[in-house]
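Asks: using only what follows, build the 3D model:
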Amino acid sequence: MSKATLMVRFKGPSDPTWIRRLAVYGTTGRVRSGFAEFEDPKTGQKSIEAIGENFPFEIRVEDGGTTCKPAGKKAADAEAKRLQIAAKLQARMQTKAAGLLVVVVRRRMDRKQAGTYIAS
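Replies: Sure thing, here's the model as predicted:
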């Protein structure tokens, strides 16, 4: 099953490497900027910690493999992009279930292709 998950990418205070954690949603359903969800590996208990405002969001797309796509620093924009990617994934799954073939069209053409396209 394909899914798109909103992640926060940040550096820890004592660790110089980048860390990805789940973004936190508030009670209204909006993304809370500056917070990340952590899980204790021993107990499995989840906690929410403040990490700061200036960290970028990424969307983890699991569709056969796992890829991370940048989504910007604004929480609302990142959530809108996640919803757009999730809708595309859901549409692909529904077309496969219906037995239809999905063709992805390249939008960008070089000059040679454009000349052939215009001539036809």
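
Asks: buried residues in the longest helix seen in the chain?
Replies: When the chain is parsed with DSSP state H, its longest helix is helix 75-97. Neighbour-count burial for helix 75-97, with 16 or more other CB atoms under 10 Å as criterion, is recorded at 75, 78-79, 81-82, 85-86, 89. To be clear about C-beta, it is placed using only N, CA and C from the backbone, and glycine gets the same treatment.

Asks: ranges for the strands of the protein?
Replies: For the chain, the strands defined by DSSP state E cover 3-11, 18-25, 31-39, 46-50, 57-62, 66-72.

Asks: which elements pack onto the shortest one?
Replies: I take that to be strand 46-50. strand 31-39 (3 or more CB pairs under 8 Å, 6 or more residues apart in numbering; DSSP states H and E).

Asks: partner strands of the strand it packs on and their direction?
Replies: Using DSSP bridges, strand 31-39 pairs in its sheet with strand 18-25 (antiparallel), strand 46-50 (antiparallel).

Asks: what angle do strand 3-11 and it make with each other?
Replies: 80 degrees (axes from the mean of the first three to the mean of the last three CA atoms, to 10 degrees).

Asks: low pLDDT regions in this protein?
Replies: In the predicted model of the chain, residues 106-120 satisfy pLDDT under 70.

Asks: distance check, the residue nearest to the spatial centre of it against Val103.
Replies: Centroid check for the chain by CA atoms, centre = their mean gives Ile59 as the closest residue, at 1.6 Å. Here Ile59 is placed at a distance of 24 Å from Val103 (CB to CB, to the nearest Å).

Asks: for Ala4, same thing?
Replies: Taken as CB to CB, the span from Ala4 to Val103 is 22 Å.

Asks: which of those two has more neighbours?
Replies: Ala4 (21 against 5; other CB atoms under 10 Å).

Asks: quick check: bridge partners of the more buried one?
Replies: With DSSP bridges as the rule, Ala4 is bridged to Val61.

Asks: does it touch Gln90 like I think?
Replies: No - if you go by CB atoms under 8 Å, Ala4 and Gln90 don't touch, sitting 9.5 Å apart.
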